[in-house]
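Asks: What follows is a predicted structure for the sequence shown.
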There are 2 protein chains.
Amino acid sequence: MQEQVLKTIHQRRSCRRFQEQALPEKVVAAILSAGTWAPTAGNVQPWFFYVVRDGYLKEKLSQSALGQGFIAEAPVVVVVCADTQRARATYKQRGVDLYCLQDTAAACQNMLLAAHALGVGSCWVGAFDERSVSQLLGVLPAHRPVAILCFGKPAEVPRNPGRRALEDVVIEVD
Amino acid sequence: MQEQVLKTIHQRRSCRRFQEQALPEKVVAAILSAGTWAPTAGNVQPWFFYVVRDGYLKEKLSQSALGQGFIAEAPVVVVVCADTQRARATYKQRGVDLYCLQDTAAACQNMLLAAHALGVGSCWVGAFDERSVSQLLGVLPAHRPVAILCFGKPAEVPRNPGRRALEDVVIEVD
């Protein structure tokens, strides 16, 4: 068990070239379901997943995201939204500014890992104009778009950007 | 591959009772290493992991976190910090307010999943006083403590709090 999970964590990469073929509905559902099992403060589950497959909308999404063209090329795009209203109701400002961002980020990571395990490439996009994305997709006012996730069969072997060594980021306190 | 990963994602739970025994260093290193392989905007890696094993410090940490006693009982506590300076240098305010929180949250989720795969229980704590935690551990000014992660051999079978059904959180846009 441990080996497969650790391998998936270490080998997931950002994939920015996708094959055209659609993803089976079962695979998409498995990815989205993984998102819902992220840890979440007080079980608030402050997330909504807007699923976009339409070519025109994906093209417009890509324009809202500094023209990152691979967004339009991914068969499935999931715009992850944080439900700031649910977050505020339970945890006030810290819920809005921290917990709902963390919960949705953990949900994103679950989805990327599930995708990788299922042979699906993915890329997490953070640079986009939140207002135009909301307008384009008719996102509810309480929902804040916090990530655009692209999914598809990979058409590239993404490079490994490397990481700092463990000893450079771990601080033992005693 | 897929089955193990999806199982781990679905079966990870918040564990709040731990056995006293220390965790092998190899296991702790594997968990921390998983954290470093989280996705991170522009490969900024805006994270530092403060590792706490000292009984006095864990007791004080627990007091900084609404008295959540299981923090003191976990053999290993990792205070995950967001490096706001690195984040700001590359991405200005959006880096500080969003990306570095998401990157560290994805790192947390990697660590929880790695722990579960390795038979280690974990709990992500978000409710704590950031200033007193920083003071207690001598956290650098640029580092913001964003999560307290507790790890140890589980001494309970945590309950499943359940999740909303997929159809309640997925919105198909077309």
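Replies: Now that the structure is in, tell me what you want to look at. Because the structure is a prediction, the values reported are computed rather than measured.

Asks: Could I have the CA atoms of stretch A:82-89 written out in CSV?
Replies: Extracted in CSV, the C-alpha atoms of stretch A:82-89 (Å, rounded to 0.1, in the frame of the first residue of the first chain):
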residue,chain,number,x,y,z
ALA,A,82,-14.5,27.9,-2.0
ASP,A,83,-17.9,28.5,-0.4
THR,A,84,-17.1,31.6,1.6
GLN,A,85,-20.6,31.7,3.1
ARG,A,86,-20.4,28.2,4.7
ALA,A,87,-16.9,29.0,5.9
ARG,A,88,-17.9,32.3,7.5
ALA,A,89,-21.0,30.9,9.1
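
Asks: Show me which residues of that stretch are buried.
Replies: A:82, A:83, A:84, A:85, A:86, A:87, A:88 (16 or more other CB atoms under 10 Å in any protein chain shown). Yep, even glycine has a C-beta here, placed from its N, CA and C like the rest.

Asks: Would you confirm that the second one contacts residue A:46?
Replies: Yes - with the criterion set as CB atoms under 8 Å, residue A:83 and residue A:46 qualify as a contacting pair; they are 4.3 Å apart.

Asks: Between those two, which contacts overlap?
Replies: residue A:100 (CB atoms under 8 Å, 6 or more residues apart in numbering or on different chains).

Asks: Grab the longest strand from chain A for me.
Replies: In chain A, with assignment by DSSP state E, the single longest strand is strand A:143-152.

Asks: May I have that one as PDB, with CA atoms only?
Replies: The C-alpha trace of strand A:143-152 is given here as PDB (Å, rounded to 0.1, in the frame of the first residue of the first chain):
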ATOM      1  CA  HIS A 143     -18.500  30.800  -4.200                       C
ATOM      2  CA  ARG A 144     -14.900  32.100  -4.800                       C
ATOM      3  CA  PRO A 145     -13.000  30.400  -7.700                       C
ATOM      4  CA  VAL A 146      -9.600  29.500  -6.200                       C
ATOM      5  CA  ALA A 147      -8.200  27.000  -8.700                       C
ATOM      6  CA  ILE A 148      -8.600  25.800 -12.200                       C
ATOM      7  CA  LEU A 149      -7.700  22.100 -12.600                       C
ATOM      8  CA  CYS A 150      -7.100  20.700 -16.100                       C
ATOM      9  CA  PHE A 151      -7.400  17.000 -16.700                       C
ATOM     10  CA  GLY A 152      -6.800  14.700 -19.700                       C
END
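
Asks: Quick check: neighbours of it in the sheet, parallel or antiparallel?
Replies: Counting by DSSP bridges, the strands paired with strand A:143-152 are strand A:76-83 (antiparallel), strand A:121-125 (antiparallel).

Asks: mind giving me CSV with those and columns for mean pLDDT?
Replies: CSV is the format used below for the strands paired with strand A:143-152 (pLDDT from 0 to 100):
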stretch, mean pLDDT
strand A:76-83, 98
strand A:121-125, 98
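
Asks: For residue A:74, which residues are in contact?
Replies: A:18, A:58, A:123, A:150, A:151, A:152.

Asks: quick check, nearest of those residues to chain B?
Replies: Of all the contacts of residue A:74, residue A:123 has the smallest distance to chain B: 8.6 Å, by CB to the nearest CB.

Asks: check contacts around that closest one.
Replies: A:14, A:15, A:16, A:70, A:74, A:149, A:150.

Asks: And the helices in chain A, which stretches?
Replies: Per DSSP state H, chain A carries helices over the ranges A:2-11, A:25-36, A:55-64, A:70-73, A:84-94, A:100-117, A:130-137, A:166-169.

Asks: Residue A:174 and residue B:51, how far apart?
Replies: 9 Å (CB to CB, to the nearest Å).

Asks: of those two, who's got more company?
Replies: Comparing residue A:174 with residue B:51 by neighbour count (other CB atoms under 10 Å in any protein chain shown), the higher total belongs to residue B:51, at 18 against 8.

Asks: Excluding chain neighbours, what is closest to the residue most central in space within chain A?
Replies: Centroid-nearest residue in chain A, with CA atoms, centre = their mean: residue A:108, separated by 3.6 Å. Leaving out its chain neighbours, the residue that sits closest to residue A:108 by CB to CB, 6 or more residues apart in numbering or on different chains is residue A:147, at 5.1 Å.

Asks: show me the residues around that neighbour that make contact.
Replies: Here residue A:147 is in contact with A:79, A:80, A:104, A:105, A:108, A:124, A:125, A:126, B:102 (CB under 8 Å, 6+ apart).

Asks: what about stretch A:12-29 and chain B, any contact?
Replies: Yes - applying CB under 8 Å from any CB of the partner chain, one finds stretch A:12-29 touching chain B at A:12, A:14, A:29.

Asks: tally of neighbours for the first one?
Replies: Here the neighbour count serves as a burial measure; for residue A:12 (other CB under 10 Å) it reads 21.

Asks: Nearest residue to it in space, ignoring adjacent ones along the chain?
Replies: Nearest residue to residue A:12, sequence neighbours excluded (CB to CB, 6+ apart): residue A:116, at 4.3 Å.

Asks: And the one you found, how far from residue A:14?
Replies: Distance of residue A:116 to residue A:14, computed by CB to CB: 11 Å.

Asks: which residues are in contact with both of those two?
Replies: Counting by CB under 8 Å, 6+ apart, the residues touching both residue A:116 and residue A:14 are residue A:122.

Asks: Which of the two has more residues huddled nearby?
Replies: residue A:116 (23 against 18).
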